[in-house]
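1. This is a predicted model, with the sequence first.
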Amino acid sequence: MTKEQIYREQMQALGIYDPIFEPEIATLARLERELTRAQKAWSATAVPKGAAPSFTDPHYAVIQKLRAEILQHREALGFTPKSLRKIAGSAGPESPEQKDLITSKLDAIAAKVAGYSDEELETVLPEDPYAELMEELNVRPPEDLL
């Protein structure tokens with residue numbers, strides 16, 4: 001099975017595959033093959049044989065560049081958690097359990113502050129309860145609110 005087929009199947013399993021990704025998949029697979037060749041060439045420069053190759057070798061600079069490019073292409077295809085959320089369009093919570101958790105947290109904050117004056121609230125609440133809640137739930141607000 002080729003890298004392209006593996007990536008295609010992974011994207012289909014994640015529910016984000018679209019034929020428009022084919023050129024990106026091909027590019028990622030090509031870059032990974034180039035990285036493997038560069039790593040082999042770098043390893044072959046080790047003197048004496050079997051020792052660790054030098055990080056000052058020009059091959060290593062190529063390896064670093066390829067790794068950065070591969071990461072960019074992986075992000076474009078949704079192979080990182082952040083990019084998967086972006087591609088899948090899940091800027092907020094999706095599961096009912098997570099929505100219920102957010103609702104219960106917000107209700108708890110509202111109950112905590114009910115009946116307090118503005119001056120008293122400063123001592124009861126954290127500086128930004130919304131930000132604290134979002135951080136705790138690992139949810140990022142929509143871009144237009146930032």
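-> Thanks, I have it.

2. backbone phi and psi for residue 78, please?
-> phi 90, psi 20 (degrees, to the nearest 10).

3. So which residues of the chain form helices?
-> Here the chain has its helices, by DSSP state H, at 3-14, 22-44, 58-77, 81-88, 96-113, 118-124, 129-137.

4. Would you indicate which residues of stretch 67-82 are buried?
-> For stretch 67-82, the neighbour count (16 or more other Cβ atoms under 10 Å) marks 69, 70, 73, 74, 76, 77, 78, 79 as buried. All C-beta spots, glycine's among them, are computed from the backbone N, C-alpha and C.

5. Next, count neighbours for residue 21.
-> 18 (other Cβ atoms under 10 Å).

6. In the protein, where is pLDDT below threshold?
-> Residue ranges of the chain with pLDDT under 70: 89-99, 109, 112-146.

7. That one - how does it break down into domains?
-> 3-88, 96-145 (automatic domain parsing).

8. which of those domains sits most buried?
-> Comparing the domains of the chain by mean neighbour count (mean count of other Cβ atoms under 10 Å), domain 3-88 comes out on top with a mean of 14.

9. which of the buried residues of stretch 67-82 sit farthest apart?
-> 69 and 78 (16.8 Å; Cβ to Cβ).

10. In contact with residue 60, which residues?
-> For residue 60, the contact set (Cβ atoms under 8 Å, 6 or more residues apart in numbering) comprises 42, 53, 54.
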